[in-house]
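**Q** Got a sequence here, can you build the structure:
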Amino acid sequence: MVRNLHLAKIFWSIPAACALTAALAGILSKDLYAGVFAPEFLPGAFAQDLLTVVVCICLLILIAGTKEGDMRKQVVILGLIGSLFYLYGILTMERVYNWCYLLYAAVFASAFWSIIYSLGGFQPGKLVSLTIGKGVLRASAISSIVIALSFTALWCLALVPLMRDHIRIEYLYSIYILDLCFVMPAFFMTALMSLRGHPFGVLMMPAIMVLGFFVIFPLGLNELAKPSWGMTINYGAMAFSFAFALYMLVLAVLHLRAIHIQE
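**A** A predicted model of the protein is given here:
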């Protein structure tokens, strides 16, 4: 799927290695996020770093083992790289100025440019025989459109009072930037392209769902970790996060399995 796979592997490995290093630092240093992270998300910081370590190790193994014809592996890799772009985009934009900040910025930048390189090397001529079941395709596409429209509307409604009253919030403004400028347009555009039968949209749909899973799942982990910090679990938010994340993961798996390319 990607031109010059050897170079792509190098570009993919950079954010994975940097994120692995940053996450290990977060696990080993209890005070790394003190004073620079939104207090309500401090309980989940350890769980997030632990999950990131597992993801990065799996990602590096996947990168090393992928070959020219491993289309599904490459799609999953792009989804995982996209989740690193999102997570470390938050840490970079939120000015988490600790000793790992330059690593956060390195992951954010290298993940973005490795995705750009990969998408620029997309070879549609090799995928003219790509097929997928209409039921799975429509389920993925409609779900993506609903997700894009729902979160866009939700975040715009949240921004209205801030714009009206000229309020500058201290934390989590990065979510609005990343979602409204990058992630939700990606959900919407890949869905429309998929419905039109464009191979690029069909392939990128599960990558977007993988990204969504690893963005939402840690929110549930954050709730689960709250008692250890003397905070109360919001069971509704935790259940929603886990259920929503699982839904996107199931869609990604079903979508990938339904794709067929005749040699």
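**Q** Pull the number of nearby residues for residue 112.
**A** For residue 112, the count of nearby residues is 18 (other C-beta atoms under 10 Å). C-beta: built from backbone N, CA, C; applies to glycine.
**Q** Grab the nearest non-local neighbour of it.
**A** residue 85 (5.5 Å; C-beta to C-beta, 6 or more residues apart in numbering).
**Q** Do I have it right that that neighbour meets residue 113?
**A** No: between residue 85 and residue 113 there is no contact under C-beta atoms under 8 Å: 9.7 Å.
**Q** what about those two, which has more around it?
**A** residue 85 (25 against 14).
**Q** and that one, what does it touch?
**A** By C-beta atoms under 8 Å, 6 or more residues apart in numbering, the contact set of residue 85 is 15, 107-108, 111-112, 115.
**Q** Can you flag the buried ones in those residues?
**A** Buried members of the contacts of residue 85, counted by 16 or more other C-beta atoms under 10 Å: 15, 107-108, 111-112, 115.
**Q** nearest to residue 177, of those residues?
**A** Comparing those against residue 177 with C-beta to C-beta picks out residue 108 as the nearest, at 11.9 Å.
**Q** Now do the same for the closest one: its pLDDT.
**A** Among the per-residue scores, residue 108 shows a pLDDT of 98.
**Q** Would you check the distance separating the strand or helix carrying it from the middle of the chain?
**A** Residue 108 is part of helix 101-120, with elements assigned from DSSP states H and E. Centre-to-centre, helix 101-120 and its host chain are 13 Å apart (C-alpha atoms, centre = their mean, to the nearest Å).
**Q** now residue 246: how far from residue 217?
**A** The gap separating residue 246 from residue 217 is 8 Å, by C-beta to C-beta, to the nearest Å.
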